[in-house]
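>>> make a model of this:
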Amino acid sequence: MGKTSSAMNAFTAADLPGALAPMGFFDPLGFAEKADEKTLKRYREAEVTHGRVAMLAVIGFLVGEAVEGSSFLFDAQISGPAITHFTQVPDGWD
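From the prediction side, this is the model:
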């Protein structure tokens, strides 16, 4: 029996790139269950965007570690691990 035109054009979340064996389409919280094609593509775009921002944040953290003590900001008084830099910023931003 042949497929109808609506069955041939049906969109499923498993058709998106990234659904690979052995997991297949991974959606543990069920966001894709009631989402249409446009919403799923918007979710995918947001996921990629947030991933890129996270990668840039990691690069910034590593650069902060590399330039310790050689910065023109705050007269190079901030030192130590990058995780403690924020608490070393002097008060008085008037």
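>>> got the phi/psi numbers for residue 24?
phi 70, psi -140 (degrees, to the nearest 10).
>>> which residues touch it?
In this structure, residue 24 makes contact with residue 14, judged by Cβ atoms under 8 Å, 6 or more residues apart in numbering. In short, each C-beta sits where N, CA and C put it, glycine included.
>>> any idea how far residue 30 lies from residue 48?
Going from residue 30 to residue 48 by Cβ to Cβ, to the nearest Å gives 21 Å.
>>> no, scratch that, I was asking about residue 25
Distance of residue 25 to residue 48, given as Cβ to Cβ: 17 Å.
>>> now the residue nearest the centre of the chain: which helix or strand?
Closest to where the C-alpha atoms of the chain average out (Cα atoms, centre = their mean) is residue 51, at 2.0 Å. Element membership for residue 51, per DSSP states H and E: helix 37-66.
>>> my read is that residue 11 contacts residue 35, right?
No. Using Cβ atoms under 8 Å, residue 11 makes no contact with residue 35, being 10.2 Å away.
>>> which of those two has more neighbours?
Comparing residue 11 with residue 35 by other Cβ atoms under 10 Å, the one with more neighbours is residue 35, at 15 against 12.
>>> okay, now the unreliable bits of the chain?
Along the chain, segments meeting pLDDT under 70 span 1-9, 68-77, 92-94.
>>> how does it look with 90?
The model of the chain has pLDDT under 90 over residues 1-37, 40-41, 43-44, 60-94.
>>> what are the buried residues along the helix or strand following the helix holding residue 51?
Next in sequence after helix 37-66, counting helices and strands by DSSP H and E, comes helix 85-88. Neighbour-count burial for helix 85-88 flags residue 85 (criterion: 16 or more other Cβ atoms under 10 Å).
>>> kindly format the C-alpha coordinates of helix 85-88 as CSV.
What follows is helix 85-88, C-alpha atoms only, in CSV (Å, rounded to 0.1, in the frame of the first residue of the first chain):
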residue,chain,number,x,y,z
HIS,A,85,39.3,37.3,41.1
PHE,A,86,35.8,38.7,41.6
THR,A,87,36.1,39.0,45.3
GLN,A,88,39.4,40.9,44.9
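>>> residue 22: which element?
Counting by DSSP H and E, residue 22 is part of no helix or strand.
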